[in-house]
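Novice: for reference, the sequence and a predicted model appear below.
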Amino acid sequence: MIVSTAINRLSDKLPLTAYTDDTLSASEISKYIAEQKDLIRKLNASSEPRASIESGPYTHHYLISDGVIFITFCDKSYPRKLAFTYLDELSREFINSYGRNIEQPDLRPFAYITFENFIQKTRRVYEDTRTNVNLDKLNAELQDVTRVMTKNIEDLLYRGDSLDRMSDMSSSLRAESSKYRKAAKKINFDAMIRQYAPVAGAGLIFVFLIWWLFLR
């Protein structure tokens, strides 16, 4: 379940629009709304562009794109891949609609509150992860979100860890991943050589015998 979504300007954290599920009581989610706001305040241009932060029964997911923060928190069981596809869809539509005006210095808070209607409609589409359209999105989405960093909320808000550090950690993971991919390719190539070398050798011997007996 997608509980709350917010869109803020990255440079000064100005809130541009937001939507929260009104079927849940404020007391149930007030702690996580506060965490969402704290996370927004911590983000900057050096932060990892997308990450997941676990907190109790929920997970915060955020995406930074074109100077805008798109952040949502969902039930921990909600597929992470689907959460980021949801944020990607919001970011494309929002930037396409308002991208030229986002950095206006006189922009007032919640200047694009009407975008809440699009958030609600998109949220409904992504709400049921069992629908065929969502399963198709899960299968077709090319973004490798297995590389998205996952942290615990205590590390970031209560133990003083930095979101900026996550970028270095993610780069290290990507380097390790590249190293393992290269190793896997070499292993596969060696296995192919071992599999087909005897066949190729026998074929060469056969050709040589034909040449020796009939063609020389």
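Specialist: Great, that's in hand.
Novice: okay, and for the chain, where does confidence drop off?
Specialist: Where the chain drops to pLDDT under 70, the residues are 128-203, 206, 208, 211-216.
Novice: now the helix or strand hosting residue 27: buried residues?
Specialist: Following DSSP states H and E, the helix or strand that holds residue 27 is helix 26-42. Going by neighbour count (16 or more other Cβ atoms under 10 Å), the buried part of helix 26-42 is 29, 32, 33, 35, 36, 39, 40. No exception for glycine: its C-beta is placed from N, CA and C like everyone else's.
Novice: now for it, which elements pack on it?
Specialist: Contact partners of helix 26-42 among helices and strands, from 3 or more Cβ pairs under 8 Å, 6 or more residues apart in numbering; DSSP states H and E: strand 2-9, strand 50-55, strand 58-65, strand 68-75.
Novice: and the closest residue to residue 66 other than its chain neighbours, which of the three is it?
Specialist: Computed as Cβ to Cβ, 6 or more residues apart in numbering, the closest residue to residue 66 that is not its neighbour in sequence is residue 95, at 5.0 Å. Counting by DSSP: H, G, I helix; E, B strand; the rest coil, the backbone at residue 95 sits in helix.
Novice: residues contacting residue 95?
Specialist: The neighbours of residue 95, taking Cβ atoms under 8 Å, 6 or more residues apart in numbering as the test, are 65, 66, 68, 102.
Novice: any idea how far it lies from residue 41?
Specialist: From residue 95 over to residue 41 the distance is 22 Å, taken as Cβ to Cβ, to the nearest Å.
Novice: also residue 55?
Specialist: For residue 55 relative to residue 41 (Cβ to Cβ), the value is 16 Å.
Novice: hang on, the earlier thing: quick check on the contacts of residue 95: which are buried?
Specialist: So, by 16+ other Cβ under 10 Å, the buried ones in the contacts of residue 95 are 65, 68, 102.
Novice: want to throw those residues into TSV with distance to residue 11?
Specialist: TSV is the format used below for those (distance: Cβ to Cβ, whole Å):
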residue	distance to residue 11
65	14
68	10
102	9
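Novice: pretty sure residue 32 is touching residue 54, no?
Specialist: No - taking contacts as Cβ atoms under 8 Å, residue 32 lies outside contact range of residue 54: 11.3 Å.
Novice: give me the common contacts of these two.
Specialist: Each of residue 60 lies in contact with both residue 32 and residue 54 under the rule Cβ under 8 Å, 6+ apart.
Novice: list the contacts for residue 123?
Specialist: Going by Cβ under 8 Å, 6+ apart, residue 123 touches 2, 5, 19, 86.
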